[in-house]
Each structure stands twice: as C-alpha cells, then as structure tokens.
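Participant: predicted model, plus sequence, below.
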Amino acid sequence: MTTQFAKLATHDLHFHYDGSISREVVRAAFSDEIGVKYAKARVERTLINEPVKNPDDFFAIFQQVMKIFNLTDDIQPILEAQLELAARDGLKHLDYRFGCGALNSRFGLSEGSVLDRFQIAVSHANVLGLDVCPTLCFSRHESKDRADHLMNFVLENEEFVRAIDLEGPEGPNTTASFGPIFRKLKDAGLRITIHAGEFSSSESIWQAIDDCGAERIGHGFSAATDSELLRRLAKDQIAVEVCLTSNYLMGLCSDLKSHPFLKFLEAGIPVVLCTDDQAIFQTTLAREYEKADEILRSAKLNSQSILKAISENSRRFAFSEVLV
Ligand SMILES: [Zn+2]
C-alpha cells in the first residue's frame, strides 16, 4: 500500500537519528549473532504502539534508546547503516538531526570525534545518492554556558553543520531565551528549524519565528488555536513539519481526523510531512503520506494533487545545497 506513496516520500525534513535506530538498522550495523540478539532486545523496549499517557513516558523510552549505544564503543556502524538503509528506501534528502551533547556524555568522545563519525557516514550516504543536511539540535535544557559552547562549536564546524534546531520541553520564554544564539548563527548562514507548539501554547511558535528567526516549525500543533499565527505562517511561508504518527502517539490528538493538518492546509501554510522518530513510532515517510491520504480522502478532498503539492513543498523547504 505504501509503495504508491514512495514516489512522493523522498524528502524527510524532520528525522532524528537517535529515535530512528530501527531493528533493521541495528541488524545491518552489527554482523555478529550476539550483537544482533542483544540489539533486538534493546530495540523492542523502545517502541510505542499505543498513545503515551504523558510526554515523560516518551522521554523514559528515549533513555532506553540511548542505551543501545552501550552495544558498541563506536557509533560509526549505526550511522552508516541508518543512512544506507534510508538511501535504499528511496529517500533523496534528510534533514538529519543530532545532539552532540548526548553522545558526548555517553562515550566520553570529544564532540569533534563524534562529528567526524557523522561526516564519514554522510559522505558514504552522498555516494549512494542521499543528500543529508546535518542539523545540530540545541536543547532547552542546555545551560547558558553549554549553549554558548555549542554555538561556537557550530561556527567552527560550519562547513559540515548546515542547520540548527531547538528541542526539549517548552516553558515560558524558553524558546525566546535562545534568540541571541540563533540570530547569531542565522547571520553566519545556518538554516533554522525549531520544535515549537508541540506541548505548549502558540506563544512558543511566535518566539521561534520572531526571536529566533525560524524558517520552519517542527510540529506547530498549537498554531491551530491561534488564527493570527496561522495567517502569519501563511503570509511568511514558514513551513510546518507535520508528524502525524508522532503527534497521535504522543497524545496530542485523540485520532488523526482531529489533527490540525487540514486546518494548516486551508490557511495556506506550506505543510511538509515528516517522521520525527521513525523507530520509536514505527513509521516511514511513505506511511505518513498514506495516513495523510486517509485524512484527505475522508474530508472528500483531492488527495492526489494535495499530496503532490506537499511533496513539492518538501523539496522547496529542504535545507539542501543541491537540487535533488
Ligand atoms: Zn522532533
């Protein structure tokens, strides 16, 4: 069923490497039997089948994900296998999000050596025809000192890191407080997307746009409650990265029909479909298109032409240096 959507599902603009380490990735990464068995057990504890009761459940699962890295003292095989499988699945572009902080604290590797490993994996993916935009995620948990350090790290590695993101629990002003750093990096040429309005009011989305200069918004769910914001997103053509399965499983909506996806389209906002954490939410980009198709059909809309436009949006809004 998803094969009919595979042609459209070529650009995933919201893909976290750590939440997207599927069993297939682990199998491909480790060839010895014991490693595979151990990895399988680990991965099975990191899947979500039913909507979680609250976001903390998700973060508990994420801690399990990080334990997968205990399998090896090197992340290289995982990164290579993940991108290779994405290329083989027909993906042409990934905005590929990672946080150096988490890896650094787990392995005691320097951030530079973590980045080296990403660089090797990305070069390998490029050879396979997959364009990758390395996107470093700042966390709202970050201390001011740590965020300043990461800003300098990004500036020192700007040839490789081409975009930045902000993630983590949204509180009053927690998005705006990153404004000075994000503005400075934007002036230096970095592309900007920000997780906002996932678990908070639309205020966080306003801050992402006005204070941080976001070109795209991750999730943007609560924009649906703010008609002025809907108009602004449409007027300035700020894309919303819609992650249907993620939003449903994280309990943002009781079913997909009540997802504000259609409201965004009606408002004229450029929507892109994305997976977020493919392994944890057990989805693929083609499956996200399939789910969007169901929503559009049940609303008696012309699904074929709308999905085609969404696919074109994904090409247009990708943080890409090459035309893919
Ligand atoms: Zn995300």
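Facilitator: Done, it's in.
Participant: strands along the stretch 101-250 of the chain, start to end?
Facilitator: Under the criterion DSSP state E, counting those that start in this stretch, strands of the stretch 101-250 of the chain are mapped to 131-139, 163-167, 191-196, 216-219, 239-242.
Participant: with respect to Ile295, which of these lies nearest?
Facilitator: Of all those, it is strand 239-242 that lies closest to Ile295, at 10.3 Å by Cβ to Cβ. C-beta here means a position set from N, CA and C on the backbone, and glycine is covered the same way.
Participant: buried residues in the closest one?
Facilitator: Across strand 239-242, burial judged by 16 or more other Cβ atoms under 10 Å covers Ala239, Val240, Glu241, Val242.
Participant: which strands and helices lie in contact with the helix or strand that contains Pro77?
Facilitator: Per DSSP states H and E, Pro77 falls inside helix 76-88. Packing partners of helix 76-88 (3 or more Cβ pairs under 8 Å, 6 or more residues apart in numbering; DSSP states H and E): helix 23-29, strand 93-98, helix 111-127.
Participant: kindly recompute the last result at 10 Å.
Facilitator: strand 11-16, helix 23-29, strand 93-98, helix 111-127, strand 131-139 (3 or more Cβ pairs under 10 Å, 6 or more residues apart in numbering; DSSP states H and E).
Participant: which residue ranges of the stretch 151-300 of the chain form helices?
Facilitator: Ranges of helices within the stretch 151-300 of the chain are 179-187, 203-210, 227-235, 244-249, 261-266, 285-298, based on DSSP state H, counting those that start in this stretch.
Participant: the last one packs against which elements?
Facilitator: Read that as helix 285-298. On a contact count with 3+ Cβ pairs under 10 Å, 6+ apart, helix 285-298 meets helix 3-6, strand 11-16, helix 244-249, helix 261-266, strand 271-273, helix 303-317.
Participant: I'd like the ones you listed laid out as TSV, including mean neighbour count.
Facilitator: Shown next, in TSV, are the helices and strands packed on helix 285-298 (neighbours: other Cβ atoms under 10 Å):
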stretch	mean neighbour count
helix 3-6	14
strand 11-16	26
helix 244-249	22
helix 261-266	19
strand 271-273	26
helix 303-317	17
